[in-house]
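Asks: Give the three-dimensional model of this entry:
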Amino acid sequence: MTISIQEASTRIRDAIQEATQGLIGREHLAELMILGAVAQEHLLVVGPPGTAKSAVVRRVAQSLGGQYFEYLLGRFTEPSELFGPVNLSKLREGKVETDVAGMLPEAEIVFLDEVFLGSTAILNTLLGVLNERQFRRGHTRIRCPLRICVGAANGLPEDEGLSAFADRFLLHAFVESVPDAKLEDLLSGGWQVAQRSIQQKTDLTVLDILNQAVSKVDMQVVRSDLAQAVRLLRQADILLSDRRIVKTQQLIAASAVLAGRETASRADLWPLLYVIPTANGQQGARECLRELLAEARHPLLQSVVEVAAQQPLARTTRLIEQCDAILSQSSEVGFLLKAEASLREIDANFSIDNIPDDLLNRRRDLVRAISQQQTA
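Replies: Reported below is the predicted structural model:
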């Protein structure tokens, strides 16, 4: 039975919530992974060891279901460890064929840790898998069902050849250790993660349904804004290849689809920031694209849009959901502290003149509930 785009998006939201429960400061990685999977583009995550890069990918894969393959690459990793051994019975017949059962060519979601440590033979084979979803080795030629490959590394490579390989990951995300202010949350969330297993909330057919809708998105409205954004980046010496610029449209269209829209708008321009391949470049882009990113907002991918834009409107959906959760607990201990903290965050981001109507209504409800608690 075919499901609607709205139903597919709802199931994806449930999968994200299941995967990120207990993770602190990594929700945006899970959402970025979903965006990449819907657009059929790959994600590179760069950050120091121990920053939950593998945990995020593993949990999202468990929540989505499907064939998952994970491997930690090293200097001496052999191609057969990723792609499978040579089929000896075929070799006796003079054919060099690879037994790919249970290996990377059959996987739908792939995570490769320390991806730049792979040998030339491994990286060259990976290029075919990433770019064309084709595995070629000897006489073996198969179509790969890959939705997304997530690569992880401690830093970007300086070698020109490896930099060219890194460029095949359209999305780049940079992570740091959890800041001091959230250490208590980290400890609490880490304990929670250790005590529970991830439940599969959907299957990969929802990604396929959403992916099929991407090519049908009307990009005409936002195309001039995207071109202007690229011009602004060039003026700031933040350069993107023509290929990356063109492919950004896939991500923008995927954002629109996940928001339940058939037409892309300025609200969907935010993926452009993650197409920029360096951390410094991304930070500079936030400044020079500030006006164009001011309208960034998403009902599903809230955390990643908030991290990208770092502007008030991007926080609206999260603040609304936060208010609703607090209001539903008005009779519980700690309500006043949570409500007052939420009001402070709302007032720090919006004035009475620019606050969205739906958030303004939640603010009024909070003020009313606080007053009732204090007079009770």
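Asks: so who does the residue lying closest to Gly151 once chain neighbours are set aside touch?
Replies: Nearest residue to Gly151, sequence neighbours excluded (CB to CB, 6 or more residues apart in numbering): Val115, at 3.6 Å. In short, each C-beta sits where N, CA and C put it, glycine included. By CB atoms under 8 Å, 6 or more residues apart in numbering, the contact set of Val115 is Leu44, Leu73, Gly151, Ala152, Ala153.
Asks: can you tell me the helix or strand for Ile3?
Replies: Counting by DSSP states H and E, there is no helix or strand that carries Ile3.
Asks: burial of it, as a residue count?
Replies: Residues lying near Ile3 (other CB atoms under 10 Å) number 14.
Asks: if I pick the nearest residue to it once chain neighbours are set aside, what's in contact with it?
Replies: Nearest non-adjacent residue to Ile3, counting by CB to CB, 6+ apart: Ile209, 6.5 Å away. Applying CB under 8 Å, 6+ apart to Ile209 gives the contacts Thr2, Ile3, Ile5, Ala8.
Asks: if I pick the residue lying closest to the last one once chain neighbours are set aside, what's in contact with it?
Replies: When you say that, I think you mean Ala8. Leaving aside its chain neighbours, Ala8 sits nearest to Val206 (4.2 Å; criterion: CB to CB, 6+ apart). Contact analysis of Val206 by CB under 8 Å, 6+ apart lists Ile3, Ala8, Arg11, Ile12.
Asks: can you map out the strands along the stretch 101-250 of the chain?
Replies: Assigned strands in the stretch 101-250 of the chain, in chain order: 109-113, 134-137, 140-143, 148-153, 171-174 (criterion: DSSP state E, counting those that start in this stretch).
Asks: Serialize those strands to JSON lines and add fields for mean pLDDT.
Replies: Shown next, in JSON lines, are the strands of the stretch 101-250 of the chain (pLDDT from 0 to 100):
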{"stretch": "strand 109-113", "mean pLDDT": "97"}
{"stretch": "strand 134-137", "mean pLDDT": "88"}
{"stretch": "strand 140-143", "mean pLDDT": "88"}
{"stretch": "strand 148-153", "mean pLDDT": "96"}
{"stretch": "strand 171-174", "mean pLDDT": "96"}
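Asks: In TSV: those strands, plus mean neighbour count and distance to Gly22.
Replies: As requested, the strands of the stretch 101-250 of the chain are exported to TSV (neighbours: other CB atoms under 10 Å; distance: least, CB to CB, whole Å):
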stretch	mean neighbour count	distance to Gly22
strand 109-113	25	19
strand 134-137	18	36
strand 140-143	13	37
strand 148-153	26	20
strand 171-174	22	20
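Asks: Now distance to Ala236 too, for those, in a markdown table please.
Replies: A markdown table is the format used below for these (distance: least, CB to CB, whole Å):
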| stretch | distance to Ala236 |
| --- | --- |
| strand 109-113 | 32 |
| strand 134-137 | 37 |
| strand 140-143 | 41 |
| strand 148-153 | 26 |
| strand 171-174 | 17 |
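Asks: which residues touch Phe350?
Replies: Pro312, Pro356, Leu359.
Asks: Same question for Ile320.
Replies: Counting by CB under 8 Å, 6+ apart, Ile320 makes contact with Asp358, Leu359, Arg362.
Asks: So it: helix, strand or coil?
Replies: Classification of Ile320 by DSSP: H, G, I helix; E, B strand; the rest coil places it in helix.
Asks: distance of it from Arg363?
Replies: Distance of Ile320 to Arg363, given as CB to CB, to the nearest Å: 10 Å.
Asks: do the same with Ala369
Replies: Distance, Ala369 to Arg363, by CB to CB: 11 Å.
Asks: ditto for Gln199
Replies: According to CB to CB, Gln199 and Arg363 sit 35 Å apart.
Asks: More neighbours: which of these two?
Replies: Each of Gln199 and Arg363 has its neighbours counted (other CB under 10 Å); Arg363 has more, 19 against 11.
Asks: surely that one meets Ile326?
Replies: No - if you go by CB atoms under 8 Å, Arg363 and Ile326 don't touch, sitting 11.4 Å apart.
Asks: those helices in the stretch 101-250 of the chain, which residues are they?
Replies: Here the stretch 101-250 of the chain has its helices, by DSSP state H, counting those that start in this stretch, at 120-132, 160-166, 183-195, 205-214, 220-235, 242-258.
Asks: Which of the ones you listed has the highest mean neighbour count?
Replies: Comparing the helices of the stretch 101-250 of the chain on average neighbours per residue, with mean count of other CB atoms under 10 Å, the densest one is helix 242-258 at a mean of 21.
Asks: Which elements pack onto the helix or strand following it?
Replies: Under the assignment DSSP H and E, the closest C-terminal helix or strand after helix 242-258 is helix 271-275. With contacts defined as 3 or more CB pairs under 8 Å, 6 or more residues apart in numbering; DSSP states H and E, the packing partners of helix 271-275 are strand 171-174, helix 220-235, helix 242-258, helix 279-288, helix 302-309.
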